[in-house]
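Enquirer: Mind looking at a prediction? Sequence and model below.
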Amino acid sequence: MTASLFARTLASEAMLDIFSDRAIVAAMLAFEAALAEAEADEGIVPSDAAAAIVAATGAEVDVDALVVAARSAGSIAIPLVKTLTAAVAARDPKAAAFVHWGGTSQDVVDTAMVLVTGRALDLVARDLDRLVDALVELARAHAATPILARTLLQPAQVVSFGFKVGAWVAPLVRARQRIARARDAALKLQLGGAVGTLGALGAKGEAVARRVAERLGIRAADPWHVQRDDWVALGCEVAILCGSLAKIGADIALLAQGEVGEVAEPAGEGRGGSSAMPQKRNPVAALAAIAAGVRAPQHAAALLAAMRQAHERGLGDWQAELAEWPSLFLEAHGALVALADATSGLEVDTVRMRANVARQHGTVFAEAAAALIAPAVGKQKASSVVGALAGRAARGEGELDALVRTDPAFAAVGADAIAAAFDVDAAARRAGEVAIARLDRLLAAPTTSGDSR
């Protein structure tokens, strides 16, 4: 495909190649070759005609001319079949009559998109695995590293950085499983002929379809011209992945802010610079992930809107779906590559993390402190007492644990219990233990194969 200049900066070269114009046309020609060979095997097309068709699919195609012709024809497959027919006729005039026998334009295009999407999903799976592995390693390494948990963008309690990273990993692992299931359902042959009955192939229609699918390495299936549920479900899963990647990007960007300074993306020549400010170190991987999260919902919405395909063949909505489809994969893979590269070398400032906890003057342990007296005075009273003390701590009147020790409401509470309630490392260890246990359960869960055949 020809993406815009700005879209290309957010995509990977590998995914741009997969959805390039020439790659899609090549996949369409692969369908035509497989169809001719399958029909020859079933005695529908003469074997020499099939051989001429297969040979002609290797000829050079003027893609730009196809695009121009398709604007009038309504489908890129129509001028492609005409071009192929002419190429076959130049080799064997009699064989030209058998080009595209029993197929229809949507069979060619949908199957081609299935083929290139399978390759796209292989790339997504590879780099999703790479990102998950990097994050799991990061979570384990920092299972007990104290960091502020933040709710509604405000300091809340102490957890561990490993706990935070574990929350990044879990949706990715679930996405990996759901995409694998959606892939198995969606990547299937499209071959139905004019209205989905395979009428031109007679009683041998299903046998031909099985042979075509086998040659192309995909699953045989009933025609799904206007039954877009499995296909769109796959697209929506990719969009959900983009949302999960955007969450990671947003967290990294917030943690990397100068005022916070708890993480930084890897440095490198030309990476994250500014045209005006030499000191800048911008989180460019986070940028790519956030951009994917912004754009993907619009693509998914277009796919859903395009499901209302009328009667036995859609008018306009199928074409809209085709135009949107590659963008989802460009967004997802661009973000995956950027985050996988960045997180494998993410700089973690554990000293700054601990210092940011200390700047809260112990107020992040207010809930734990209130729990010490709640059995005696009731939860509401305990919350009120500790809330007032936390307000004093926030105003600089002392650390909350020191204020607690001198407050009459805590007279019956032992010093060791108060110290435990305000123990930064103990809070981080508990969060880390929770995180690692969750990760281990998640990673041990059975996975679904991504093999579409």
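Expert: Arrived safely, thanks for sending.
Enquirer: Pretty sure Ala340 sits against Asp127.
Expert: Yes: taking contact to mean CB atoms under 8 Å, the distance of 5.3 Å between Ala340 and Asp127 places them in contact. Quick note: C-beta positions are derived from backbone N, CA and C, even for glycine.
Enquirer: Looking only at neighbour counts, state which of those two leads.
Expert: The neighbour count for Ala340 versus Asp127, taken as other CB atoms under 10 Å, is higher for Asp127 (23 against 20).
Enquirer: just checking, that one touches Ala338?
Expert: No: if you go by CB under 8 Å, Asp127 and Ala338 don't touch, sitting 9.6 Å apart.
Enquirer: which residues in the stretch 101-250 of the chain form strands?
Expert: All strands of the stretch 101-250 of the chain, identified by DSSP state E, counting those that start in this stretch, fall at 146-151, 154-160.
Enquirer: quick one: the last one to chain centroid distance?
Expert: In this case it means strand 154-160. On the basis of CA atoms, centre = their mean, to the nearest Å, strand 154-160 sits 28 Å off its chain's mean C-alpha point.
Enquirer: same question, stretch 317-336
Expert: Taking the mean of its C-alpha atoms, stretch 317-336 sits 11 Å from the chain's own mean (CA atoms, centre = their mean).
Enquirer: Mark out where each domain of this protein begins and ends.
Expert: With automatic domain parsing as the criterion, the domains of the chain are listed as 18-103+201-217, 106-188+224-360+425-453, 363-421.
Enquirer: and the first one, average pLDDT?
Expert: The reference is to domain 18-103+201-217. Averaging pLDDT along domain 18-103+201-217 yields 97.
Enquirer: Quick check: the gap between the residue nearest to Val67 when sequence neighbours are not counted and Val232.
Expert: With CB to CB, 6 or more residues apart in numbering as the measure, Ile76 is the residue that lies nearest to Val67, at 7.1 Å, once sequence neighbours are left out. Taken as CB to CB, to the nearest Å, the spacing of Ile76 relative to Val232 amounts to 21 Å.
Enquirer: So between the two, which is more surrounded?
Expert: The residue with more neighbours, out of Ile76 and Val232 and counting by other CB under 10 Å, is Ile76; that gives 24 against 20.
Enquirer: who's in contact with that one?
Expert: If a contact means CB atoms under 8 Å, 6 or more residues apart in numbering, then Ile76 has 25, 28, 66-67, 70, 109 as its contacts.
Enquirer: Type out the PyMOL command that picks the buried ones from the residues you listed.
Expert: Buried subset of the contacts of Ile76, written as a PyMOL selection, criterion 16 or more other CB atoms under 10 Å:
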select buried, resi 25+28+66+70+109
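Enquirer: My guess is Ser47 contacts Ala40. True?
Expert: Yes: shown here, Ser47 and Ala40 form a contact pair, counting by CB under 8 Å, at 4.7 Å.
Enquirer: In terms of packing, which of these two has more residues around it?
Expert: Ala40 (21 against 13).
Enquirer: ok, that one touching Ala49?
Expert: Yes: counting by CB under 8 Å, Ala40 sits close enough to Ala49 to count as a contact (7.4 Å).
Enquirer: ok, the residue nearest to Val67 to Trp168 distance?
Expert: Distance, Ile76 to Trp168, using CB to CB: 40 Å.
Enquirer: likewise Ala289?
Expert: Ala289 is 11 Å from Trp168, by CB to CB.
Enquirer: quick one on the thing from earlier: export the contacts of Ile76 to TSV and append columns for secondary structure and distance to Ser4.
Expert: As requested, those are exported to TSV (DSSP: H, G, I helix; E, B strand; the rest coil; distance: CB to CB, whole Å):
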residue	secondary structure	distance to Ser4
Val25	helix	21
Met28	helix	24
Leu66	helix	21
Val67	helix	16
Ala70	helix	20
Val109	helix	23
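Enquirer: quick one: pLDDT of Ala264?
Expert: Turning to Ala264, the model gives it a pLDDT of 95.
Enquirer: Show me the beta-bridge partners of it.
Expert: Taking DSSP bridges, one obtains Glu347 as the residues bridged to Ala264.
Enquirer: pretty sure it is touching Asn282, no?
Expert: No: taking contacts as CB under 8 Å, Ala264 lies outside contact range of Asn282: 10.4 Å.
Enquirer: My guess is Arg392 contacts Gly398. True?
Expert: Yes: applying CB under 8 Å, one finds Arg392 in contact with Gly398, separated by 6.9 Å.
Enquirer: contacting residues around the closest residue in space to Ala73 that isn't next to it in sequence?
Expert: On the basis of CB to CB, 6+ apart, the spatially nearest residue to Ala73 that is not a chain neighbour turns out to be Pro79, at 5.7 Å. With CB under 8 Å, 6+ apart as the criterion, the residues that contact Pro79 are 65-66, 69-70, 73.
Enquirer: Now with 7 Å, please.
Expert: Contacts of Pro79 were listed using CB atoms under 7 Å, 6 or more residues apart in numbering, and they are 66, 69-70, 73.
Enquirer: Which pLDDT does the model give Ala409?
Expert: Predicted confidence (pLDDT) at Ala409: the value is 96.
Enquirer: That one - how many residues pack around it?
Expert: Neighbourhood size, Ala409 [other CB under 10 Å]: 19.
Enquirer: Excluding chain neighbours, what is closest to it?
Expert: Spatial nearest neighbour of Ala409, excluding adjacent residues (CB to CB, 6+ apart): Val385 at 4.9 Å.
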